[in-house]
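Enquirer: pasted the sequence and its predicted model underneath.
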Amino acid sequence: MFTLLALVAVVVTDLHDRDFPQAMGAQSRLGLDFGESQFSDREAFTTLTQMDVEWSLGLVRIAPELVGDSDERIFVALNDGSLPATFRWFNGAGAGRVVGRDRLANSSPDGFYLVTGDTAQLAELESRLSSTGVRVTRIDASVTHSLWFAMREGGFAAAVLAAFALIAALALFWLSMKARSRALRVLGGCPTLRIQAQDLGGFAAALLVPAAAVTLAAAAYVGLSRGWLYVGVFVKALAGVEVAVIAVSLLVALTMSASAWPSATMLATRQPAVKSLRSAAVVVQALTFLLVLGVAGPAWSAYRSSSAMAAEMAQWKNLADQVAVQFGMSDDEMTSLESRIGNLVKDGESAGVIAYSYTFSDETWGGDFGDYSAITFVNQRWLDLMTTNAPPDALTPVPYERVSSMLSREFGETFSLWSRDRRSGEEVLSGFGFLRPAGGFRMPVAQGGGGDLSFLDDVLVAVMPSLHQTFNDRNLTSMVSTRNILFTGVAATQALLERGDPSAETLSGRGINGDLSVVYVAEEGILRAQFMAYVVWLMNLALTALVVAFTVAAVISALITALLHAKRDFPLRLSGRPWARILQSRVSKELLTGAALVSLVALFQRPDSTGALLVAALFGMFVVPLSHLWAANWCFSGVSRRRI
């Protein structure tokens, strides 16, 4: 059990190190949102750099690695300092890198920043930024915070719940071993309260000894294999969960002990001393089986989600060199630049560096798309990016005649308003090509008005030949601002801005106070997708622990039942009756109860969890008969040798 808790502590330490890299001395993390502030991107970075120098904050911006196939993060120091160029993570996978501020030349100032220096002026920094409209979120490095953050994730909570279930099974085992001695002490005149205190003290000692041994061994292993830098965080995390679990275990043991109050009556009536624990054993077995059933579905869903996240990660990596043009100006200033943005898109299409996707879902659009849940409008460049790793037949053509009436009804008027030369919507739509995913392929598309990726297998893909010829300048400007129009390469996009004359250097000469900046679009998506691997790992760990807890509870329950029926089972077996007939009634009752629990869980879980639920149910139906068979055999052997 404490080895399981040590594994949980490893996860917490890893999470803590991922949030606050110990090798960098990170003490706080700031989440900054400049969306409603008075700063442009350049002004925001300049302000942060000045504050960093003034207060020796050691600010480091968190960013994903966009070069190569690595999914790791990199850290961008706003100023030169004493941070190492590379450092080792707690989990030992890869190496962290600290790079110079040049990496942020084409990044948005929004995001997370680590404070690796002096934290005395953090409150003043928060106040000054908040007064200018910056939304600041501060989290200080704390093992307790990492523990509670992980607890909010279903996988981690399930793992700790599994430890508690295992504790209940162990408490039941402990009391069953002490049942006879408790009755004998009562018979000898020992006060029951003293018996309870002695048993609980012995149980606590039995827990504290392996807890101390595992803590020392695990701390030594972490220090030798991962570095002594992490021992402090690891021991705090492990001690925290150990204290919580030991406290709960003592409470559970006290509750079970009270339900099985020691009595001399059992000895006087020649009843097995563990008889009073029968009810507690049944409850523990039922609860652990219920937990196994409840976690199996989410664990399977998490596994499937991990596959989807892996696909999403791959697609975000395909967008690693894609950038968006970000507007740091007022709406009126954006309106004055519409014609220049239109020319920018036209030049980008000619150079083949523009990718476009804009998706309408039937829920948000409020229409009827027939066989499709969404319709996405893309260009060929987007298809090339998103189908790089897809099989050749991932998309199949759809004749226009099959979807023409639906498209005209839903989007005819819209494209009439959006079109550049006032053509009818039907005429514009008839010039598109249409595709749909096939063979289970989930097409990555960008949500309309936001740019976030969705993966759909029932989307109608409308491929337009030219953005500039289809949309007027106003709508092109709007789509550029929402990141539905992407540009390939920072240098190429900067060159387009210079050529089209909306560059930052020329805007001020035209009376525009804001600026245009080129930012990567894949940073947030890659960082968001990386965390899902932890959740999947934790769910699998939790399911394993619950399986162990249920197995222990089932074996103890079967053993108590076998002891209670030993006087009956021994002569029946001795006379040649098979175990199947002897155990038939007790096994049937438990299987029927298990079937009822399976039905109860199935009512509250989603249909896609049915397969995992049935596997868990079959496991329970397999463990129960085996537990009873083993327990009955053990008791038969014990009676034969006069040990019971």
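Expert: On my side now, so go ahead.
Enquirer: quick one: the helices in the stretch 251-400 of the chain?
Expert: Counting by DSSP state H, counting those that start in this stretch, the stretch 251-400 of the chain has helices at residues 265-268, 278-318, 331-336, 338-351, 362-365, 380-386, 400-418.
Enquirer: can you say which of those is nearest to residue 442?
Expert: Proximity to residue 442 (CB to CB) singles out helix 278-318 among the helices of the stretch 251-400 of the chain, at 6.8 Å. Just so you know, the C-beta spots here come from the backbone N, C-alpha and C atoms, and that holds for glycine as well.
Enquirer: following the helix or strand hosting residue 128, which helix or strand comes up?
Expert: Assigned by DSSP states H and E, residue 128 belongs to helix 122-131. Beyond helix 122-131 on the C-terminal side, the first helix or strand identified by DSSP H and E is strand 135-140.
Enquirer: ok so, going back, would you convert the helices of the stretch 251-400 of the chain into TSV that also reports mean pLDDT?
Expert: Shown next, in TSV, are the helices of the stretch 251-400 of the chain (pLDDT from 0 to 100):
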stretch	mean pLDDT
helix 265-268	66
helix 278-318	72
helix 331-336	76
helix 338-351	88
helix 362-365	84
helix 380-386	90
helix 400-418	92
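Enquirer: nearest to residue 251, of those?
Expert: With CB to CB, the closest approach to residue 251 among the helices of the stretch 251-400 of the chain belongs to helix 278-318: 13.6 Å.
Enquirer: for the closest residue to residue 410 other than its chain neighbours, what are phi and psi?
Expert: Distance criterion CB to CB, 6 or more residues apart in numbering; nearest residue to residue 410, sequence neighbours excluded, is residue 367 at 4.6 Å. Dihedral angles of residue 367 (phi, psi; degrees, to the nearest 10) stand at phi -110, psi -160.
Enquirer: give me the neighbour count for residue 367.
Expert: 15 (other CB atoms under 10 Å).
Enquirer: now residue 32
Expert: Counted with other CB under 10 Å, the neighbours of residue 32 add up to 21.
Enquirer: surely it meets residue 135?
Expert: Yes - between residue 32 and residue 135 there is a contact at 7.3 Å, judged by CB atoms under 8 Å.
Enquirer: contacts only, for residue 392.
Expert: Neighbouring residues of residue 392 by CB atoms under 8 Å, 6 or more residues apart in numbering: there are none.
Enquirer: ok now stretch 190-207, how far from the chain's centre?
Expert: Centroid separation for stretch 190-207 versus its chain: 42 Å, with CA atoms, centre = their mean, to the nearest Å.
Enquirer: and the contacts of it?
Expert: Contacting residues not belonging to stretch 190-207 are listed as 171, 174-175, 178, 182, 185-186, 246, 249-250, 253-254, 257-258, 261-262 [CB under 8 Å, 6+ apart].
Enquirer: for the helices of the stretch 251-400 of the chain, which one sits closest to residue 431?
Expert: Nearest of those to residue 431, taken as CB to CB: helix 400-418 at 9.4 Å.
Enquirer: quick check: end-to-end length of stretch 114-132?
Expert: For stretch 114-132, the first-to-last residue distance is 21 Å (CA to CA, to the nearest Å).
Enquirer: which residues are in contact with that stretch?
Expert: 20-21, 24-30, 32, 37-39, 51, 55-60, 62, 75, 81, 83, 136, 138, 140.
Enquirer: sketch out the low-pLDDT regions of the stretch 51-200 of the chain for me.
Expert: Filtered on pLDDT under 70, the stretch 51-200 of the chain yields the residue ranges 66-72, 93-94, 150-160, 162-163.
Enquirer: list the buried residues in the helix holding residue 128.
Expert: 122, 125, 129 (16 or more other CB atoms under 10 Å).
Enquirer: what about the second one, distance to residue 82?
Expert: The one in question is residue 125. 20 Å (CB to CB, to the nearest Å).
Enquirer: also the first one?
Expert: Computed as CB to CB, the residue 122 to residue 82 distance reads 19 Å.
Enquirer: perfect, I'm done here.
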